[in-house]
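S.K.: kindly generate the corresponding structure for this input.
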Amino acid sequence: MPRKYPIEKVRNIGIIAHIDAGKTTVSERVLFYTGVSHKIGEVHTGDTVMDWMEQERERGITITSAATTAFWIPTYHKGNKAHEHSINLIDTPGHIDFTVEVKRSLRVLDGAVVVFDGVAGVEPQSETNWRYADEYKVPRICFINKLDRMGANFKKSFQSILDRLTPSAIPIQLPIGLEGDFRGIVDLLRNKAYAFEGEHGENIVEIQIPDDMKSDVETYRHDLIEKIVDNDDVLMANYLEGKEPSLEELQRILREAVIANKIVPVLCGSALKNKGVQFMLDCVIEYLPAPTDLPPVKGINLKTGADVFRSASDDEPFSALAFKIATDPYVGTLAYFRNYSGVLKRGSYVLNSAKNGQERIGRVVRMHANDREEVEEIYAGEIAAIVGLKNTTTGDTLCDIDQALVLEKITFPEPVIGIRIEPKTKADQEKMGMALHRLAEEDPTFRVAGDIETGETIISGMGELHLEVLVDRMKREFNVEANVGRPQVAYRETIMAEAEGEGKYIKQSGGRGQYGHARVRVRPLERGAGFVFLDEVKGGAIPKEFISAVQKGVREALDKGILAGYTMVDVEVTVYDGSYHEVDSSEAAFKIAGSMAFQEAAKRAKPVILEPIEKIQIIVPMDFLGEVTGNVNSKRGMIESLSDRPGLKVVDAKVPLSELFGYATELRSMSQGRGSFTMEFDHYEPTPNNIAQLIIEGKKR
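M.R.: Model prediction:
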């Protein structure tokens, strides 16, 4: 079957935002206007297409990113099928506990629409998502939503984007009226005003620019044109001579600048009141890149280790990245993938280069949230899912068997919170293991581990809500009833100084003995550096074949920690000397010697316990500010800033995670139920001595 849309007419975009900025509402309007759905779903009534999980509909938040494909003809070409484009859309969660969904989606998308609440402007999760988009160099456009709400302020929200995210943002639209009076939009490039009529705002009508806005429009339009022509010497020269560029020239240069991440256009509207979403879709097509507008994707040749580049073309060898694994109750395991080059046909064989094994492509489906459409082949630049792959996990590369390469993997944040979990009955025991395994395959920020000392199962994740949803899914999808313990913080250990240690393991028994002897030096690394092992043994004091055994021993000791049994991080270990015995030395002996040497060195190197610190934003009415800030200070918190929103105070602070369990209830009682907060992991830092002592004693008990 030939390609329906040329690759230049394909857009892969994500909708990203802070929780409650209106991403899902925007996505639902997109589906309605593009004709994918014939009824507008609403978050508050629990009938959205994109939030299809029961847990999402009950809580009114997005938990898992949903993908769909829609088709759009830009408003200014209405009815002309030649201008129709295909848009692969991913609606991502805004809650920090599900940040993995945003990160893996941005890794495979070509562009993003960042949605902001017109009252709040930039919020904590908007900053985190923006950082992820920067990391993957994703071109984006901003949509300031909810301009119909009380307290909405377009200029203030735009200023917060300039101050906190990027100086490259520039409005290409202005709202006509605000709050209850919000009635239309001025398109600055075309210098025209529009209103939205009809039951669902589907009729776009040109109106006069209001007289009281004319000077504002002139100023903003002048700034916009200056910012655009700044990216082209010829246009700039003409503009300085007084010649205004044509609309086509301005759009062409603006498109190039957006794709190069030099300009971020800012749009406005209210998705709930059906205003501005069609123009946002136009901008997706006009300014965000097609797969061919971006540089070829870079991979590494498995045989030679050299860099390989694949262009977005159907004629290149096949290469794709599996960015999400999901369990579907009707078809089993689904592997969502982004096809970077070549064509994937049903029934063919591909190589999973990360696992070095072949996979047969049984069924290929296009996803529409939780509905599936069977297709025969998927072309370059498209996003789809494969049913029933055996060994593929998140971040694996799928490629042509004869042209093996591996694409850059996705890095995920480490879990910060854990809880004990046990099956309620004997019958649940076996099912629980399988359910946890399936859920961990889907979500790389969810870990399952056994506590060696107590024999209990510990599950870890990004927050209380994250684990609560996973336990709920276990009950509903796998019919496993489980008891869960109190949440526990995922502490870490590290060292603060350099030190040396020696490990000697000598065991004599009848016959052959055991002999291993190693000397190591340890030194601290900066936060997030992980574990580095160096070999500086001179003159064969330890034979090469035993160095890896020393490393294994050190790794095992790292996992057990020194103070309270938590994993040690950010440590460099150098093995520099030792000795061996011609007959008695063995791998096992050197492994034990390496472990002993590391433990001795680490004990001398000022070991400390690290605790996760959360970035927290609290929003409360003015009357409760004193009590809330006092409470933050009592939790060992550091208040970083206080700011205003209409009738509210916003407190930004950093607080240890261990102090924040049950904070939602505390805040409600302090603020008569009128306060709200969001939090996300920020960094690890050493715990004060008195707290560290309590942690160590608690662990011993």
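S.K.: would you mind measuring from the residue lying closest to R521 once chain neighbours are set aside to R519?
M.R.: Excluding its sequence neighbours, the residue lying closest to R521 (C-beta to C-beta, 6 or more residues apart in numbering) is T574, at 4.6 Å. Every residue, glycine included, has its C-beta placed from N, CA and C. T574 sits 9 Å away from R519, going by C-beta to C-beta, to the nearest Å.
S.K.: of these two, who's got more company?
M.R.: Neighbours were counted for T574 and for R519 using other C-beta atoms under 10 Å; R519 has more, 23 against 17.
S.K.: need the contact list for the more buried one.
M.R.: E500, G501, E502, G503, V575, Y576, D577, G578, A597 (C-beta atoms under 8 Å, 6 or more residues apart in numbering).
S.K.: where does the stretch 101-250 of the chain have low pLDDT?
M.R.: For the stretch 101-250 of the chain, no stretch has pLDDT under 70.
S.K.: 80 - rerun?
M.R.: Applying pLDDT under 80 to the stretch 101-250 of the chain flags residues 101-106, 124-125, 127-128, 198-202.
S.K.: where exactly do the helices run in it?
M.R.: With DSSP state H, counting those that start in this stretch as the criterion, the stretch 101-250 of the chain has helices at 124-135, 154-164, 214-229, 233-240, 247-259.
S.K.: contacts for the longest one, please.
M.R.: So the one you mean is helix 214-229. Here helix 214-229 makes contact (C-beta under 8 Å, 6+ apart) with 170-172, 174, 186, 188-189, 191, 209, 235-236, 239, 244-245, 250, 253-254, 257, 263.
S.K.: list the buried residues for that helix?
M.R.: V217, Y220, R221, L224, I225, K227, I228, V229 (16 or more other C-beta atoms under 10 Å).
S.K.: go through the residues you listed and name the one nearest E123.
M.R.: Nearest to E123, judged by C-beta to C-beta, of these is Y220 at 24.4 Å.
S.K.: which stretch of helix or strand covers the residue nearest to R521?
M.R.: Taking DSSP states H and E as the criterion, T574 maps to strand 571-579.
S.K.: and that strand, what's buried?
M.R.: Neighbour-count burial for strand 571-579 flags V571, E572, V573, T574, V575, Y576, D577, G578 (criterion: 16+ other C-beta under 10 Å).
S.K.: packing partners of the longest strand seen in the chain?
M.R.: As far as residue count goes, and with DSSP state E defining each element, the longest strand of the chain is strand 607-621. Helices and strands touching strand 607-621, by 3 or more C-beta pairs under 8 Å, 6 or more residues apart in numbering; DSSP states H and E, are strand 492-495, helix 625-634, strand 648-656, helix 663-670, strand 676-686, helix 689-700.
S.K.: quick one: the longest one to strand 648-656, angle?
M.R.: Helix 689-700 and strand 648-656 are oriented at 60 degrees to each other (axes from the mean of the first three to the mean of the last three C-alpha atoms, to 10 degrees).
S.K.: and what of the fourth one?
M.R.: For helix 663-670 against strand 648-656, the angle by the same axes, to 10 degrees is 140 degrees.
S.K.: so for this protein, which residue is the most central one in space?
M.R.: K103 (2.2 Å; C-alpha atoms, centre = their mean).
S.K.: isn't that residue up against F412?
M.R.: Yes. Counting by C-beta atoms under 8 Å, K103 does reach F412; the two are 6.6 Å apart.
S.K.: need the next SSE after the helix or strand encompassing I421, C-terminal direction.
M.R.: Using DSSP H and E, the element containing I421 is strand 417-423. Next in sequence after strand 417-423, counting helices and strands by DSSP H and E, comes helix 426-442.
S.K.: list the buried residues of the following helix or strand past that following helix.
M.R.: Using DSSP H and E, the helix or strand that directly follows helix 426-442 along the chain is strand 447-450. Residues of strand 447-450 classed as buried by neighbour count (16+ other C-beta under 10 Å): R447, V448.
S.K.: what pairs with strand 447-450, and is each one parallel or antiparallel?
M.R.: Strands that pair with strand 447-450, judged by DSSP bridges, come out as strand 457-461 (antiparallel).
S.K.: list of residues touching the partner strand?
M.R.: Around strand 457-461, the neighbours that count as contacts under C-beta under 8 Å, 6+ apart are 97, 415-422, 432, 436, 443, 445-451, 467, 470, 488, 490.
S.K.: can you redo the helices of the stretch 101-250 of the chain as a markdown table with distance to L334?
M.R.: Listed next are the helices of the stretch 101-250 of the chain as a markdown table, based on distance: least, C-beta to C-beta, whole Å:
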| stretch | distance to L334 |
| --- | --- |
| helix 124-135 | 23 |
| helix 154-164 | 36 |
| helix 214-229 | 42 |
| helix 233-240 | 47 |
| helix 247-259 | 31 |
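S.K.: of those helices, which is nearest K635?
M.R.: Of all those, it is helix 124-135 that lies closest to K635, at 17.7 Å by C-beta to C-beta.
S.K.: what helices and strands are in contact with that closest one?
M.R.: Against helix 124-135 (3+ C-beta pairs under 8 Å, 6+ apart) you get strand 10-17, helix 99-108, strand 111-117, strand 676-686.
S.K.: out of the contacts of R519, which is nearest to V30?
M.R.: The closest of these to V30 turns out to be V575 (C-beta to C-beta; 57.6 Å).
S.K.: looks like the closest one contacts G516 (just checking).
M.R.: No. Applying C-beta under 8 Å as the test, V575 and G516 come out as separate, 11.7 Å apart.
S.K.: which neighbours do those two share?
M.R.: Counting by C-beta under 8 Å, 6+ apart, the shared contacts of V575 and G516 are G594.
S.K.: F681 reaches M462, doesn't it?
M.R.: Yes. Between F681 and M462 a contact is recorded at 7.1 Å, counting by C-beta under 8 Å.
S.K.: ok, now which ones touch F196?
M.R.: Counted by C-beta under 8 Å, 6+ apart, F196 has contacts G184, E202, N203, I204, V205, N274, K275, G276.
S.K.: nearest residue to the last one other than its sequence neighbours?
M.R.: Which is G276. Per C-beta to C-beta, 6+ apart, closest to G276 is G269, 2.0 Å.
S.K.: that neighbour and F143 touch, don't they?
M.R.: Yes. Shown here, G269 and F143 form a contact pair, counting by C-beta under 8 Å, at 6.6 Å.
S.K.: higher neighbour count, those two?
M.R.: More crowded of G269 and F143, by other C-beta under 10 Å: G269, with 31 against 28.
S.K.: from I172, how far off is that one?
M.R.: 12 Å.
S.K.: with R473 instead?
M.R.: Distance from R473 to I172, counting by C-beta to C-beta: 42 Å.
S.K.: have a look at those two and say which one is more surrounded.
M.R.: Neighbours per residue (other C-beta under 10 Å) separate R473 from I172, with I172 holding more: 27 against 21.
S.K.: return the residues in contact with that one.
M.R.: When contacts are taken as C-beta under 8 Å, 6+ apart, I172 is in contact with D187, L188, L189, L224, L254, P265, V266, L267, C283.
S.K.: which phi and psi does it have?
M.R.: phi -110, psi 0 (degrees, to the nearest 10).
S.K.: repeat for F478
M.R.: phi -120, psi 0.
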